[in-house]
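Participant: When you get a sec, could you give me coordinates for this:
(2 chains)
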Amino acid sequence: MLRVEEGFLYQAPRGTSDILPGEQVYWGYIRQKASAICALYGYQRIDTPTFEDARLFERSIGEETDIVEKEMYTFEDRSGDRLTLRPEGTASVCRAYVEHGMHTLPQPVRLYYDAAIFRYERPQAGRYRQHHQFGVEALGDGDPALDAEVIEMAWQFYVNLGLRGLSLNLNSIGCNSCRPAYLDSLRDYYSQHRESLCPDCKRRLSRNPLRILDCKKPSCIPFSERAPRSIDYLCRECAEHFDRLERYLVLLNLPYVVNHSLVRGLDYYTKTVFEIAPEGEIAAQATIGAGGRYDDLIEQLGGKPTPAIGFATGIERLVRNLKKQKVAVPANPSHAVFIAYLGQDAKDVAMKLASHLRNSGLSVALTFGDRSLKAQLKQANSTGVQRAVIIGDDEVRSGAVMLRDMDKGEQEMIPLDKVAEVLSQVVA
RNA sequence: GUGGGCGUAGCCUAGUGGUUAAGGCGCCAGGUUGUGGCCCUGGAGAUCGAGGGUUCGAAUCCCUCCGCUCACCCCA
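Facilitator: Just a heads-up that it's a prediction; the model follows:
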């Protein structure tokens, strides 16, 4: 235990965690599936800075949202600039799109990222102060077919991971021209029942009536079931967009359900919003992926009017679900060979041989503590190697080494200069 | 930000007021003067999350803080 002074010991900051080697099999698996699906759909990787000008997030996510109001890690640097550790991935990608003139590329521009996300929240299962998201953004095309493609890609990603029993929730929250009328009617409706709503929802009534819809309080749910539905208030363009999207989803055999109370916590969404969560789990932190269209955001950030849609998934939550569903992930490959040595002359030979084998593309494990052969073979055993090379005085003198098959327990002498050749044939 | 549960070596667990805090896994070493997986023996490793208080005496009771966890809130 690391103890620095009385009463204090270093540990990872609250809500963060070390991802240890034993966990990395999941992370490697997820990232491999992520880059594979991106290759299939033609998405290219983009990396953006971990921190950005604070105003980028305040303007894109929305000043009135919980994320901006109380969850951002915002600080001043030594020159007085206000910076924020990114609380989501989309704003940075849009900023980069504008900054680098990506509107001159063939549209839509398809990008993906895999990045750490920071929010000051009270940690619990599936919710952290630093977590990781894999996300995709398709910028520069307003066709509902693109919505369908992004949703299909997200769905297929989970299928490829081996996750089962997921449900896809879909809704449309309209655009700037039709949403105000919808919000008015929501306000009117809930105002009639104001006294029956929970305190939080009374507050939401004036500020953000959309959020009342997904209140989980038993007292509020019955009202939300009879509340005006956004899809009934869509303008002609939004209604047609939603209609065509549904047809494409059916065409692609995607088992979606329209959820009229699905709203998102970020203000930039327009038209299509969707969420993917394990069936039957309503808890907010059960959602493993979510996304939607944000047709006004790029213009809002100083670019030309550019429709776009994106999707993001929380990697920690994926790991959680992979474990919960006991999905078998491929184990990390072990070393090909362990080299054990006895005595200082043999140690020289061992080091040279290790270097030579590694240059030949073979992964080598060995330990340098001049330990007993028994101890070294014990370690070879727990390392899981198929073969061990044993070098002692006899081998140094004869110029050959003992090659031991760890499964069979058989061994034979091999000339030193043939070891690489023999091992490459023998080891998978 | 609110409320509940929890915190004993790297991991899991016993111990709920009384002499050097017990065991399992793992680690290290020996049993084999050059041979792993099983077995046996030994060793290292814990200021019992931290700080303060009650008491002759605290891992055990009380307070505060930190962390984990669950439910809210919200989000991936």
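Participant: now stretch A:35-55, how far from the chain's geometric center?
Facilitator: Between the centre of stretch A:35-55 and the centre of its host chain there is 11 Å, according to CA atoms, centre = their mean, to the nearest Å.
Participant: scratch that, stretch A:112-122
Facilitator: Relative to its parent chain, stretch A:112-122 has a centroid offset of 9 Å by CA atoms, centre = their mean.
Participant: Residues touching it, excluding its own?
Facilitator: Stretch A:112-122 is contacted by residues A:15, A:31, A:34, A:38, A:43-48, A:50, A:67, A:70-73, A:85-89, A:93, A:127-137, A:315 when judged by CB atoms under 8 Å, 6 or more residues apart in numbering. In this view, the C-beta of every residue, glycine as well, is placed from N, C-alpha and C.
Participant: same check, this time on stretch A:395-408
Facilitator: If you take CB under 8 Å, 6+ apart as the criterion, stretch A:395-408 is touched by A:343, A:345-346, A:349, A:353, A:377, A:380-381, A:385-392, A:410-416, A:419, A:422-423.
Participant: Near the residue lying closest to A:Q344 once chain neighbours are set aside, how many other residues are there?
Facilitator: Nearest non-adjacent residue to A:Q344, counting by CB to CB, 6 or more residues apart in numbering: A:D370, 7.9 Å away. By the other CB atoms under 10 Å criterion, the neighbourhood of A:D370 contains 13 residues.
Participant: so A:D370 is in which element?
Facilitator: Element membership for A:D370, per DSSP states H and E: none, as it lies in no helix or strand.
Participant: Look at it and report its pLDDT.
Facilitator: As predicted, A:D370 sits at a pLDDT of 91.
Participant: and what of the one 5 residues further on?
Facilitator: At A:A375, the pLDDT value in this model is 95.
Participant: count of neighbours near it?
Facilitator: Other residues within reach of A:A375 by the criterion other CB under 10 Å amount to 13.
Participant: Confirm that it sits in a strand.
Facilitator: No: using DSSP: H, G, I helix; E, B strand; the rest coil, the secondary structure at A:A375 is helix, not a strand.
Participant: Could you check how far it is from RNA strand B?
Facilitator: In this structure, A:A375 lies at 4 Å from RNA strand B, with CB to the nearest atom of the strand, to the nearest Å as the measure.
Participant: Check A:G80 too.
Facilitator: A:G80 sits at a distance of 25 Å from RNA strand B (criterion: CB to the nearest atom of the strand).
Participant: quick one on the thing from earlier: from the contacts of stretch A:395-408, which ones fall inside helices?
Facilitator: Members of these lying in helices (criterion: DSSP state H): A:345-346, A:349, A:353, A:377, A:380-381, A:419, A:422-423.
Participant: Farthest pair within those?
Facilitator: Taking CB to CB, the two most distant members of the ones in helices among the contacts of stretch A:395-408 are A:D345 and A:N381; they sit 25.2 Å apart.
Participant: higher neighbour count, these two?
Facilitator: More neighbours sit around A:D345 than around the other of A:D345 and A:N381, counting by other CB under 10 Å; the figures are 15 against 12.
Participant: ok, the more buried one - contacts?
Facilitator: Applying CB under 8 Å, 6+ apart, we find A:D345 in contact with A:393, A:396.
Participant: Check it and give its pLDDT.
Facilitator: 93.
Participant: again, but for A:A284
Facilitator: Model confidence at A:A284 (pLDDT) stands at 62.
Participant: ok so, going back, check the contact between the residue nearest to A:Q344 and A:K347; I expect there is one.
Facilitator: Yes: with contact defined as CB atoms under 8 Å, A:D370 and A:K347 form a contacting pair (7.1 Å).
Participant: mind showing which ranges of chain A have poor pLDDT?
Facilitator: For chain A, residues meeting the criterion pLDDT under 70 lie at A:1-8, A:281-284, A:428.
Participant: Outline the domain layout of it.
Facilitator: The record's domain parsing of chain A by automatic domain parsing lists A:24-178+A:234-324, A:337-421.
Participant: if we can go back for a sec, near RNA strand B too, which of the contacts of stretch A:395-408?
Facilitator: Applying CB under 7 Å from any atom of the strand, the subset of the contacts of stretch A:395-408 adjacent to RNA strand B comprises A:377, A:380-381, A:390-392, A:411.
Participant: which residues sit in contact with the residue in the stretch 51-200 of chain A positioned nearest to RNA strand B?
Facilitator: Ranked by CB to the nearest atom of the strand, the top residue of the stretch 51-200 of chain A for proximity to RNA strand B is A:A125, at 2.6 Å. Neighbour list for A:A125: A:285, A:320 [criterion: CB under 8 Å, 6+ apart].
Participant: For it, grab phi and psi.
Facilitator: The phi and psi torsions at A:A125 (degrees, to the nearest 10) take the values phi -60, psi 130.
Participant: How about A:R45?
Facilitator: phi -70, psi 140.
Participant: Those residues of the stretch 301-428 of chain A touching RNA strand B, which are they?
Facilitator: If contact is defined as CB under 7 Å from any atom of the strand, the residues of the stretch 301-428 of chain A in contact with RNA strand B are A:312-314, A:316-317, A:342, A:369, A:371-375, A:377-382, A:390-395, A:402, A:404, A:406-409, A:411.
Participant: So what does A:G291 look like in phi/psi?
Facilitator: When quoted as degrees, to the nearest 10, the phi and psi of A:G291 stand at phi -170, psi -170.
Participant: A:I276 too?
Facilitator: Summarising the backbone geometry of A:I276 under the convention degrees, to the nearest 10, its torsions are phi -120, psi 130.
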